[in-house]
Each structure stands twice: as C-alpha cells, then as structure tokens.
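>>> Okay, predicted coordinates and the sequence, questions at the end:
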Amino acid sequence: MIRAVMVMNTQGKLRLAKFYDYLPVEKQQELIRSVYGALCNRPENVSNFMEADSIFGPDTRLVYKHFATLYFVFVFDSSENELAMLDLIQVLVETLDKCFKNVCELDIVFNYSKMHTILDEIVFGGQVLETSSTEVIRAVEEISKLEAASNSISLPKSVSTWRSR
Amino acid sequence: MGSQGGGWGQSKEFLDLVKSIGETRSKAEEDRIVMHEIDTLKRRIAEPDIPKRKMKEYIIRLVYVEMLGHDASFGYIHAVKMTHDDSLLLKRTGYLAVTLFLNEDHDLIILIVNTIQKDLKSDNYLVVCAALNAVCRLINEETIPAVLPQVVDLLTHPKEAVRKKAIMALHRFYQRSPSSVSHLISNFRKRLCDNDPGVMGATLCPLFDLITIDANSYKDLVISFVSILKQVAERRLPKSYDYHQMPAPFIQIRLLKILALLGSGDKHASESMYTVVGDIFRKCDAASNIGNAVLYECICCVSAIYPNPKLLEAAAEIISRFLKSDSHNLKYMGIDALGRLIKISPEIAEQHQLAVIDCLEDPDDTLKRKTFELLYKMTKSSNVEVIVDRMIDYMISINDHHYKTDIASRCVELAEQFAPSNHWFIQTMNKVFEHVGDLVNIKVAHNLMRLIAEGFGEDDDTADSQLRSSAVESYLRIIGEPKLPSVFRQVICWVLGEYGTADGKFSASYITGKLCDVAEAHSNDDTVKAYAVTALMKLYAFEVAADRKVDVLPECQSLIEELSASHSTDLQQRAYELQAIIGLDACTVECIMPSDASCEDIEIDKSLSFLNSYVHQALEKGAQPYIPENERSRMLNVSNFTSHEQQHEGLTHSLRFEAYELPKPPTVPPPRISQGAPLTPSTELVPVPDPLYPVVPPLSDTTGPSQLKLRLDGVQKKWGRQTYSSPAPSVTTPHKTSNEIAQSDATHSSSKQRDVSFGGSSRSQVEVSPEKQKLAASLFGGSKRADNATTSGHRVAKASNHATEKSQVAKAAITAPSKTEIAAEKTLSPPDLLDLGESAVTGSAPFVDPFKQLESLLEPAQATADANQGSAKAPDIMSLYADILPSSLRSTSVSNPQQDDMSGDNGLSLESGLSNTVNRTAQGGTAATHQTQLNKGPNRKDSLEKDALVRQMGVTPSSQNPNLFSDLLG
C-alpha cells in the first residue's frame, strides 16, 4: 500500500503531505525533513527510486519525481511496483496540469484543499483508486459544481484569475 | 474583495500568509510568521457568529499551519463541527480537516461517528464519498460495527464511484481488524464480477492482501483472474481505461501480482497462466514507462510461478533490455528482476556480468545497493572474496548507519558461509568490526567468538588451530589501535585469553601486557575491562596448569589491585577470582579452567542436587526449610495471600516479612545459599565468599549426590537470572551459545549446493577495461580466479572449478567445431563478449578468427581500439532506441538544466511562478510583463531551446510557461 504522499519544493518547503497511517505532527515533520535531506543528496540523472528503510522502517521504498521547483514523493511498500508508482506521480501531475492549466508551484500552494480533493480521487486509503486523469478531473469538477451550487459563490479555476483582478 | 479571490474561495489574508512564508529565508522567520498566524486564528475562531464561509477559510488555514509542523489542536473542535454542516462545501472541508488532524483513537472521533453514519445514508453520492473517505481514516476497531452495515449496503450502490470506495473502506476495515469483517470477505469475491471494471480493479486490492495470507482458499479464482487479465490485455475494456496506450496497466499489474502468489509452487495453477503471461510479454509496449512496469511485473510473476522455459527465456530477454537501457530506473528494475530470476536459472547472470559491474560503479546509490543485493544472492565460494571486499569498501564509504549495519551483517554472513581461508575470514571480520563494530548486533560478535572457538564445523583440528592462531596474530597486531569499537575489543580480549598462548608462539607475559594496556587505555569501558581481566585470568590459569612459573607483571598487579577496589561489583569479583586462581595448585586450576573448553557442553544441575546433603544436615540441626521465591512473593501480595494460605501455612509465619522483604537476588541472597559458600574448592579461598560465582554451574554438577528432594526451583531462578543477566557477558557466554555445530554444518552443506549451480566459464573481456574484466571474471566465476580459489581455498572450489573447465570445453566444441580444442577454448570469449556489448553485431561475431581474437587479448593497444569501437557503436544503438522512445524521455533530459536554474533560489522560483501565472492570464499590465522578462532572464535561452525541441516533436508547447512540468508534454 501507499504510505505517504508528499509534495515539497526544492527548498524543502512542504506543499502537501498526506500520510495514510496516522502519525503525530512531530513525527511527520521529522520524516519529511529526512526525506528532503535524502532527496537533496541525490545526484542528477539517477534513478527515481530510493530505499526508505532507514526513514520509514522496513520494507518501504520511495519514488520521487522532480518537476521544476517541486519534488513529488510517494512512499510505499513492496506490494506496489516502482515503475507504476512513477506513473502514478505522472497521473497526479497530469491531472493537476489539466486542472490548473499549466500548473505551477503557486497553484498547489493556493489551492490546498483542491489538491487534497484530487489526491483523494487518485489514492484512497493507501490504495490506488483511479489512474485516468480524465476520470479524476470529471469527479473533481462534479464536486466543485455541487459545492458551488451549495455555496452560491463563483469559484474561479485558479489563482490566475485572482491575480488578473 | 479579498475574500472573493483565490482558488476555491480563499481570502487575500491566506494568500498573503502563504506568500510571506514562501519568502522567508530562515526557519525562525517562518516560525514567527506562523506563530503570529496561530494567534490571529485563535482569536478569530473564538468569536461568535462567524459566517460559515469565513469559518471554512479559518479551517483551511489551520490545516496549512499544521502541515508546517505547528500545533493547531485548538481548532480541532471547529473542524468537527464543520462536518455537521449541511452545505457540501463546508462538510467536505470539515472532513478534510478532521482526517488530517485526528487519528482514529482521538477523543473527538466519537462526535463524528454519528455524522458519518448519517452521511453514509445520504442521497447525494458526493456526500457519501466524503463520508467514506473519512471512514477510511477515522474509524477504529471499536467503531467499525457502528458504520459497517452502511458500508456493506453501499457495496451495491448504483454509482460505481461509491462502490469502489466502499470496497476500499471495507478493505481498510480488514487491515485494521480482520476479525470484525471476516464474515464479509465473500463480498470481495462477489464484487470481482462487478459490471464496472473500475470496481473490479478496486476489489483486487483486498483480494491481493487476502491471497498473500492464504493462497490456498483462492485457488478456484485462478481461472477468473486469468480470463480477466486476458480480456484486459486484449483491450476489451473501454478506451477510458487506457493509460499511455496501455490497456488498464494498473489492473494488469495487480492481476499479475495475484497470479504470482497463486501460482507459486503450484504447477497446475501455473500452467493455466502461461498463455496469458506470454501474450503480455509479446504485446507490452516496451517504449513507455508503464509498459515496462507491466513487463517487470510479468518477470516477477514468471519467476514466482512454476517455471516454464519459454517464459523464462522471454523474461531473460526483457531483463537484458532493461540492463542495457540508459535509464537508471530500468537498470534498477533489471537488477531487481535479475535477482529474482537467478534463483530459477542461475546461468542468466553470466551474460549480464558487465552490466552488473557497471551498475556497481554507478553514481546512483539506489542502484548500487540493489546491485549489492543481487551480488549477495549470487555469492558462492569462488567469488566471495571479491564481493565481500566490494561490500566492505562501500560500507566504509557511506554514512548511513542503517545501511552500514545492514551491509555489515551481510558481509559477516557471507564470510561465515563461504570463507575460502582462515586468514581471509579473520581479516574480513577485522575490517568489518573495525569500521562498524559499534553498529553491529552484539550477537555478531558472539557468533565470531563461537566460530573461532568451534572452527568451521569440520573435524579437521589443524585447520581450527590455524584459524585461532591467525586470529591471535592479527589481533595482537591491531590491539594497540586507538579507535577500535568496544565490541571488537571484547572479541579481541576473549580470543587472546582463550587462545593467546595456545600455539606457543607468544609468551603469556607478552599477551598479558597487551591485555593490561587495553584495560588501562579504556578505563571507562567496564565491559572491555571485564573481558580483559577474565582473559588475564585464563592466561594465568593455563600457565599454572602447565606448571610454568607465573610471574605477574607489575602493571597487571596494579590493574588487579585497582579493580578489586572498583565500583563495579562485577569487575571486583573478577579481580578477586583472578587472585584466587593464581594461588591454587596446578591440578585444581586445570579442573576449573580447562584449556580450550569453551565449546564443551555444560550440564547444569538445575535442582542443585549437590547441595542436598548440606541442606539435609542443616534441617536436622533445626534450620527452617527454604521457601521458593515465587511462593514468598505471593505471600507478600496480600490479595493472593488467602488462597495460598492453606498450602503453606506451616511455613509462612516466621519468615514472611522480615527476612524476605526484598527478595532481589543480587542484594539479599537467600540465607541458605549464602551460607552454602563451599560450592567449589576455589570459592573457599576467595576473600569474600561470593555465591554469585558465574562459572560454578559447569563445575558443580558432579559434586553432590542427590539425596533429598527439596523444592529449589526458586533458588535456581535467582541464580539463573543473576548469572545470565550480568551486564558484562562473562566467560560463560560462548559456553551457552555452543552446541550449534549441527547448524553450521547445515549451512555449510547448503553453501556447497549453491556452488554447484554457478559453474560459469571464464570470459576474458576484450572490449572493456582490464580492471572490469578482472572483476567480472572474479565475480562470475572466471577460471583464473577459480584456480586461485583452489590453491588458497580450503573447500569446494575444486569441484566447481572442474565443472567450469568441462563446460568450457563443451561450449567451445559447439561454437567452433573445426578448430583444435586448445584454440577453441581460447575463442570462447568472443561470442559472449559481443553478445554483451552490442546486440547488433552478434550475428557476425562467431566467425571472427579466433587467433586474431587471441592477439587482441595480448595486445592492450588493440584492445583499447576495440573498446573505442564498441563505445562508438553503443550510442548508435541507443539513438535507435531513443527514436522509439516517446519524446518525454528526451524532453526530460533537456529540461534538466532549467530545473537546475529554477531550483537555485526559492524566492526566484516563487516569483517566477507568480509571474508565470500573470502571464497566463494574458492581460497582465506592462509592469507585470516587465517583471516577467526580468525573472525569466537567466532561463530564457534554455526555454527557447526547449520550445524549439518540443515544437519539433509536434507538440504545442505552452509558450508562456515553458519551465514548468515540461515532462508532461510527452
């Protein structure tokens, strides 16, 4: 199963974290710091995989992908396939990209709750739920439509609209 | 106006907060901002009549604050309240917050369960989904029954999204408490036949878990799984399940994993899988990442199920493609897959030897470690030296303690199992202990001592004594080093004490001098001191027993005196024992300290029957009988007292409280025993009669004839605990661990088995650097190396070597039947070589003149030329390969420099991110545009270049935002 999903920038600032087993806040922070430390020490042009035993305990691996200023990190155990997890990151990012039209770090920061909604549609309780980004977007849009109706506020798609004002 | 803006209705305040945190330069600054934010939130959130929308935003801010590592517990209750709201938006926010804030055992959960129950029955499926999400995270074992009926009902919900999530929730329940949903497991089987492929796919997750635990009860599903996989592979699923042109790859992967579990060791089940797995091998798109993921899963499956030669062949082919790939990810998967496959067909490792060595020297740590894992799996006695040396070098070079320990224990294991010579074994262990002694488990040290004491479990006594003397020699050499780990020093002391004088090379006074130095140099390490003193005692005892004159060195004398006044009772006792033993006559000493007896079996007389006559005498003189400790402690426990009163009425009165107030063995030994001082001859001479003498049990068994049956269990317990739990493992430790010769025999024979499997022939590699060739040869059983092993080794090497030669001859005969045998043997290398280096040339390879090849072998210049040629060809193939690859791979490599630039500075990245956003709206003012230009300055060239490349590949790039997520464009 998937143990955790993290998004952090190259400075180590956390942008999103979701642990599928409960961990106290301090422990989470500690893990995130060690993950960041480990990622920083990775040279360029190496594999996207890491053994994470020393951070998360036995039988854990970590797959990360570096996009512009962000690291996307998935932590999981041996019941998942590394290459497939790499593609799951791809699914997540593709979805974000479609959702936010050319996603950037700021979109992720400012649309914190939407990020969670998207992630919840892809990974559910530590298992892969959906891998088609069109499906995910459909679900997320349905949610936002209903939420908009229930709240009767217009919901701009991303920060770009805010900045344009 | 601010409250209107932002994605999903966040206010300007929140955006400002995020922005100011983004711009901080230090953690302290960030903390200050967050603390201020927390203060604000605390104040605001407590205000009466907050508009709901405002409240929602506060909750999001709380979540954000907590994500940054600060405590937001003051707001938890508000998040809980929000889950009760009717509006979907607020409800979802509430659920999001509580799932992030609370764990399943939190007190507030009880306030949510009711809401969840209600929401699970809601008409709006989105509400149901939100509730199911929360269920996964917030329901613990006790609350499962409260929501279970609703979740089960949802398994037949009309919406497939709900059914999917309900299955996942049920799976989660199963993970949390299998017993509470055990009666519902059949539901997973039922849902496997769901009309919606997504739901079916979700069912595979719980089924995978269930099958992992008990494969046998799911064998009936093999046919179903195979037919599902077949349909998926044949693209019978709707197009929407395709991912990168692959039909539902994630479902395929799950199914292959399940098939691997079901087919392992089951020929019948495996046979039904062969066709479909073979089909996937053929159909899989090897150019995409996900295609390779499926292929890798196929290999895992093939290596797990009952072997099929055709599939193994296909798997080997894929592996060689992975290993030859440029991508580190694929190499990693290739190494991993190779490790799985060599269990079944060990010979396939041979053709990949160079690729493996390349991975070993790769800068990528992950890959290196994976490769070491592979090497560990294929170690045998002919290559153990090279592999372990490599491992040790790597171990020394890394800082990660966790991995250091891991690799150290592997080195030790391999060394114990395959050591070719005593000398090598001792040297290797020295290296391991020198560098990671403090990290390894103490058991490893004990194991080493045992191994030195027992030898390798062979009957050959001379080999054992050789091992010991080479250990002693090397230990004497390094004992003076200042930075040895404590554990290692303990081992050294023990070995020197036990075997220092055994072969007569070193005098007792020389060794005792060294031991004294150790004890003095590490005055704060009591354990080492204890080991040193005991070693001294043994050395002196052996001297006495051999009727040699014992002259205690002045420094030893002073050490002993110092220790007899030590604060540590353990050290004190050892010092006194030492003094006592020196004073005894040879015969007694011989009996107390027999030389090289650490492996003798010790019979422990648990009932202390030798004391019976003494106890009997005392009883006759009117002493009180002894009451075992467990009964005494029960008496102290008032609540239990009455129940045992009748049993022990006669005994309890006089002894109960006064004498046995503190029945802790070390401090107040029971009177019977402390009077029983004359346990052994030696203790009589000890100045302070000490009942806790650790070496007593081995000697005492013969002493006393059993006469009276007294209940003495309690006594033994106290003794046992005292002896065994002493903080410094004394001489007795190896005694206890002895008697495992049988086991080491077993491992030995298994090692032999392993040897046979790998009788690979030698390959001299012309086209690669000689160093690598050598390494390859030594790793993969080169003949030259094997010869070495025969001479230096003391075990199986010979047999395997013989086998090697034979196979060489045989192969040679096949490749070049017309040549003489000698020539043929020499030509052996070329075909293989070329096979390894460049697949393109393989066809012509076998026809190359063998003598020419031989020449090139002898001529280094020629060899390098060849190497150049080889490397020149390699890129060609790669570029061919790259053409097939999707453009994503290329754009990845191109975008790297930009990422470099971008990651340079957070402030900058944020700014440029901002400006990108601005740009995107395509109506930013001039000022904004200007700013963009400025920010993009350093990246501009790169961006343009990449733009051009992307255009070339026929994809429309995002012109305003070229830096971000460039990988996606593929």
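Yep, it's here. As the structure is a prediction and not an experimental result, all values here were calculated from the model.
>>> which outside residues touch whichever strand or helix holds residue B:145?
Here residue B:145 sits within helix B:144-154, counting by DSSP states H and E. Applying Cβ atoms under 8 Å, 6 or more residues apart in numbering or on different chains, the contact partners of helix B:144-154 are B:113, B:116-117, B:120-121, B:128, B:132, B:135, B:139, B:162-163, B:165-166, B:169-170, B:173, B:176-177, B:180-181, B:184, B:187. C-beta: built from backbone N, CA, C; applies to glycine.
>>> Keep only the residues you listed that also lie close to chain A.
Filtering the contacts of helix B:144-154 for neighbours of chain A using Cβ under 8 Å from any Cβ of the partner chain leaves B:165, B:169.
>>> separation between residue B:113 and residue B:135?
For residue B:113, the distance to residue B:135 (Cβ to Cβ, to the nearest Å) stands at 10 Å.
>>> What of residue B:328?
40 Å.
>>> Contact residues of the stretch 151-300 of chain B facing chain A?
Applying Cβ under 8 Å from any Cβ, one finds that the stretch 151-300 of chain B approaches chain A through B:161, B:164-165, B:168-169, B:171-172, B:198, B:202, B:205, B:208-209, B:212, B:240-241, B:243-244, B:249-250, B:253, B:257, B:289-290, B:292-293, B:296-297.
>>> Between residue B:113 and residue B:135, which is the more surrounded one?
When neighbours are counted by other Cβ atoms under 10 Å in any protein chain shown, residue B:135 comes out ahead of the other of residue B:113 and residue B:135, with 32 against 17.
>>> Which pLDDT value goes with the more buried one?
According to the prediction, residue B:135 has pLDDT 91.
>>> which SSE is it in?
Per DSSP H and E: residue B:135 is located in helix B:125-138.
>>> Run the angle between that helix and helix B:144-154 for me.
Orientation check (axes from the mean of the first three to the mean of the last three Cα atoms, to 10 degrees): helix B:125-138 against helix B:144-154 gives 140 degrees.
>>> Now do the phi/psi pair for residue A:63.
Dihedral angles of residue A:63 (phi, psi; degrees, to the nearest 10) stand at phi -120, psi 130.
>>> swap in the one 10 residues further on?
Listed backbone geometry of residue A:73 is phi -130, psi 130, with angles given as degrees, to the nearest 10.
>>> ok, it - how many residues close by?
For residue A:73, using other Cβ under 10 Å, the count is 26.
>>> Same check on residue B:60?
Counted with other Cβ under 10 Å, residues neighbouring residue B:60 total 21.
>>> Quick check: it vs chain A, distance?
As judged by Cβ to the nearest Cβ, to the nearest Å, residue B:60 and chain A stand 6 Å apart.
>>> is it true that that residue touches residue B:93?
Yes - when contacts are counted by Cβ atoms under 8 Å, residue B:60 is listed as touching residue B:93 (6.7 Å).
>>> which residues are in contact with both of the two?
In contact with both residue B:60 and residue B:93: residue A:113, using Cβ under 8 Å, 6+ apart.
>>> circling back: now restrict the residues of the stretch 151-300 of chain B next to chain A to buried residues only.
Buried residues within these, counting neighbours by 16 or more other Cβ atoms under 10 Å in any protein chain shown: B:161, B:164-165, B:168-169, B:171-172, B:198, B:202, B:205, B:208-209, B:241, B:243-244, B:249-250, B:253, B:257, B:289-290, B:292-293, B:296-297.
>>> Give me the subset of those that lies in strands.
Among those, the ones falling in strands (DSSP state E) are residue B:243.
>>> Surely residue A:15 forms part of a strand?
Yes - assessed by DSSP: H, G, I helix; E, B strand; the rest coil, residue A:15 belongs to a strand.
>>> what sits against it?
Residue A:15 touches A:7-9, A:70, A:105, A:108-109, counting by Cβ under 8 Å, 6+ apart.
>>> Mind putting those residues into TSV with secondary structure?
Below are the contacts of residue A:15 laid out as TSV (three-state DSSP):
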residue	secondary structure
A:7	strand
A:8	strand
A:9	strand
A:70	strand
A:105	helix
A:108	helix
A:109	helix
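>>> bridging residues for residue A:66?
For residue A:66, the beta-bridge assignment (DSSP bridges) gives partners residue A:71.
>>> Against residue B:280, how distant is it?
31 Å.
>>> Look at those two and report which has more neighbours.
Using other Cβ under 10 Å, the more surrounded residue of residue A:66 and residue B:280 is residue B:280, with 23 against 20.
>>> picking that back up, give me the contact list for the helix holding residue B:135.
With contacts defined as Cβ under 8 Å, 6+ apart, helix B:125-138 is touched by A:22, A:120, A:124-125, A:142-143, A:146, B:83, B:88, B:91-92, B:95, B:98-99, B:102, B:104, B:109, B:112, B:115-116, B:119-120, B:122, B:147, B:151, B:154, B:157, B:159, B:161-162, B:165-166, B:168-169, B:172.
>>> rerun that using 6 Å as the cut-off
Residues outside helix B:125-138 that contact it (Cβ atoms under 6 Å, 6 or more residues apart in numbering or on different chains): A:120, A:125, A:143, A:146, B:92, B:95, B:99, B:104, B:109, B:116, B:119-120, B:122, B:147, B:159, B:162, B:165, B:169, B:172.
>>> which residues make contact with stretch B:88-95 from outside it?
By Cβ under 6 Å, 6+ apart, stretch B:88-95 touches A:146-147, A:150-151, B:52, B:56, B:59, B:79, B:82-83, B:85, B:130, B:134.
>>> what about residue B:179, how many residues close to it?
Residue B:179 has 9 neighbours, counted by other Cβ under 10 Å.
>>> Then residue B:15?
20.
>>> confidence score at it?
80.
>>> what helix or strand is it on?
Going by DSSP H and E, residue B:15 is part of helix B:12-23.
>>> try residue B:551
Counting by DSSP H and E, residue B:551 is part of no helix or strand.
>>> just residue A:121 next, same as before
helix A:112-122.
>>> ok, back up a step: quick one, which of the contacts of helix B:125-138 are buried?
A:120, A:125, A:143, A:146, B:92, B:95, B:99, B:104, B:109, B:116, B:119-120, B:147, B:162, B:165, B:169, B:172.
>>> Those in helices, which ones?
The helices, defined by DSSP state H, take in A:120, A:143, A:146, B:92, B:95, B:99, B:109, B:116, B:119-120, B:147, B:162, B:165, B:169, B:172 from those.
>>> And the residues you listed, which two are furthest apart?
Farthest-apart pair in these is A:146 and B:109; separation 26.3 Å (Cβ to Cβ).
>>> Count the neighbours of residue A:69 for me.
Applying other Cβ under 10 Å, we find 27 residues neighbouring residue A:69.
>>> Is it in contact with residue A:107, as I believe?
No - using Cβ atoms under 6 Å as the test, residue A:69 is too far from residue A:107 to be in contact (11.9 Å).
>>> name the element residue A:64 belongs to?
According to DSSP H and E, residue A:64 maps onto strand A:61-67.
>>> where do the strands sit along chain A?
Remark: strands assigned in chain A by DSSP E are A:2-9, A:14-19, A:49-51, A:61-67, A:70-76, A:123-124, A:127-128.
>>> ugh, wrong one, I meant chain B
B:242-243, B:246-247.
>>> residue boundaries of the helices in the stretch 251-400 of chain B?
Applying DSSP state H, counting those that start in this stretch to the stretch 251-400 of chain B gives helices spanning B:267-283, B:289-304, B:309-324, B:328-341, B:348-351, B:353-360, B:365-377, B:384-397.
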